[in-house]
Structure formats: C-alpha cells, structure tokens
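Novice: from the sequence below, what's the structure:
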Amino acid sequence: MKFAVLVFPGSNCDIDCYKAVEDSLGEPVEYVWHTATDLSAYDCILVPGGFSYGDYLRCGAISRFAPVMAEVAKAAEQGKFVLGICNGFQILTEAGLLPGALRRNMSMKFRCHDTVLKVVNNTTPFTVDYAKDEEIVIPIAHGEGNYYCDEETMAGLKANNQIVFTYSDNPNGSVEHIAGICNVQGNVVGMMPHPERAANSLLGSEDGKRMFTSILKTWRDRYDAASIR
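Specialist: Below you'll find the predicted structure:
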C-alpha cells in the first residue's frame, strides 16, 4: 500500500504523518508537493496539519485551490482513502469534500493538550481496529477547531452515520461535541485531533496508531477480495 503525505507552504505536521506511517506500518510513503497534478500512484492521501498559506483569509481557504486538491477530489471519487488532520480537516471542508466548517475555538484560545475521544463510527476504513464507543486519548493543537454545520447538515450526518469521533470534554465548542466526520461513502475522514502524534508510547499514547493499521487492514481486505474475483 502506498501513502502520499501532501505538503503545502506552512504545513508542519507532514513529517509527523510520514513517520507515523513509516513506524506503524512500514509501508511506502512519500511527500507530495501541493503543485502535483497526479496522485494515481497512491492508495491513501494524508492531508496534514499546520498553517497552510499562513491561514490567510480562513484556515484552508487558499489551499483548497492548490492543483493537488483536484487530484484529491478525484481520488476520493475513486474510493481511495483520504484523511485530513487538523488543518487538513479544514482544507477538506473548504474544498467541499466534507460538510460543515471549522470556526474559532469558543474560548478564543489556542488549545494544545490531550483529549479523550469516543469512537462513534468504527466501520470506516480508518476506524475498524477500534471498538464502537471506545474511548481513546488523542492530542489536539488548534485555534480554529470549533466544528459547525446547520441543522439540515447535522441531520444528514446523523442519518448517514458520518460522525466518526466526538469529544468527551468538547475543548473548542464544536456542535454536538464533534471531533471528526466522514463523507457518505466513508472513505474520506476529517478530524481535528492528531492521531499521528499518538502513534508511539513515547508520545504518551498509542491510541492513534490503530487509525493507520485500520487503513492498511481495510486496503488488504479490498485487495484480497478483488484478487479472488
């Protein structure tokens, strides 16, 4: 399985994502610059955290126009796996690949600490190695992680089981305590907490590692099924 880690001007969690894949899975992983126009070689695209384009206008508002984002949309349509973390989540909402928006934290302060998440949906390619309603410890580091959507969108999220993670303490004021969501198909996930920073016991938690093992497990299951056919 081959992973791409996108890099925008201002990305600062790209190395973390790269190391999480390398150390947790040992699968091929490459950095891909935001000007790339072909992602066909990759099975999973990671959109990392940071401050792409200095968060000018809005977080992710400029990055969504980068050439590579057209390829991300194409990969999502093809059923490939796309994971947006923190600023990556913001970029995916700005690009229309996920519904809703991320606003300033309710406290108007940057929050950087461990959080306890509940795994609401453990059927996505990113969460199959978790138990439903399991509580996991994943750190956050953001100033604009307050997830918001209107009532109609929220009804759709609930009806389609698109809420993937919720906070136990809701550190940013997100509607319905939402920490992460997926698209209707389940192959695109966005989340504000950083699983790549919880993939090794030296970092204080290994709970994020299973997001990466889940991706590989799902991909192998698909590959094996395709081979049988």
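Novice: got the residue ranges for the strands in the protein?
Specialist: Secondary structure of the chain (DSSP state E): strands located at 3-7, 29-33, 44-47, 81-85, 101-103, 111-119, 135-142, 146-148, 163-167, 178-182, 188-191.
Novice: report the distance from the first one to the chain centre.
Specialist: Shown here is strand 3-7, whose average C-alpha point lies 12 Å from the average C-alpha point of the whole chain (C-alpha atoms, centre = their mean, to the nearest Å).
Novice: ok, now stretch 97-113?
Specialist: That offset, for stretch 97-113, works out to 14 Å (C-alpha atoms, centre = their mean).
Novice: swap in stretch 45-61?
Specialist: That offset, for stretch 45-61, works out to 13 Å (C-alpha atoms, centre = their mean).
Novice: ok, now which ones touch the closest residue to Val137 other than its chain neighbours?
Specialist: Spatially, and ignoring its direct neighbours in sequence, Val137 is nearest to Ser205 (4.4 Å; C-beta to C-beta, 6 or more residues apart in numbering). All C-beta spots, glycine's among them, are computed from the backbone N, C-alpha and C. Residues in contact with Ser205 (C-beta atoms under 8 Å, 6 or more residues apart in numbering) are 114, 136-139, 198.
Novice: tell me how far the nearest residue to Thr37 once chain neighbours are set aside lies from Gly96.
Specialist: Once flanking residues are discounted, Thr37 sits nearest to Pro67: 5.3 Å by C-beta to C-beta, 6+ apart. Distance from Pro67 to Gly96, counting by C-beta to C-beta, to the nearest Å: 16 Å.
Novice: coming back round to it: what's the neighbour count on the residue nearest to Thr37?
Specialist: 12 (other C-beta atoms under 10 Å).
Novice: my guess is it contacts Thr35, does it?
Specialist: Yes - contact criterion C-beta atoms under 8 Å: Pro67 and Thr35 qualify, at 5.3 Å.
Novice: which ones are touching Phe165?
Specialist: 117-120, 178-180, 191, 193.
Novice: which residues of the protein score low on pLDDT?
Specialist: 225-229 (pLDDT under 70).
Novice: which residues of it fall in helices?
Specialist: Using DSSP state H, the helices found in the chain span residues 14-24, 67-77, 87-94, 151-159, 209-228.
Novice: report the central residue of the protein.
Specialist: Gly84 (3.0 Å; C-alpha atoms, centre = their mean).
Novice: tell me who's in contact with that one.
Specialist: 47, 90-92, 97-98, 188-191 are the contacts of Gly84 under C-beta under 8 Å, 6+ apart.
Novice: compare these and tell me which has the most neighbours.
Specialist: Of all the contacts of Gly84, Val47 has the most neighbours under the rule other C-beta under 10 Å, reaching 35 neighbours.
Novice: quick one: that residue and Phe3 touch, right?
Specialist: No - using C-beta under 8 Å, Val47 is not in contact with Phe3; the gap is 11.7 Å.
Novice: coming back round to it: most packed of the helices of the chain?
Specialist: Comparing the helices of the chain by mean neighbour count (mean count of other C-beta atoms under 10 Å), helix 87-94 comes out on top with a mean of 28.
Novice: got the CA coordinates for that helix in CSV?
Specialist: The C-alpha coordinates for helix 87-94 follow below in CSV (Å, rounded to 0.1, in the frame of the first residue of the first chain):
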residue,chain,number,x,y,z
ASN,A,87,-5.6,21.9,9.1
GLY,A,88,-6.2,19.0,6.7
PHE,A,89,-9.7,18.8,8.0
GLN,A,90,-10.2,22.5,7.4
ILE,A,91,-8.9,22.1,3.9
LEU,A,92,-11.3,19.2,3.2
THR,A,93,-14.3,21.3,4.3
GLU,A,94,-13.2,24.3,2.3
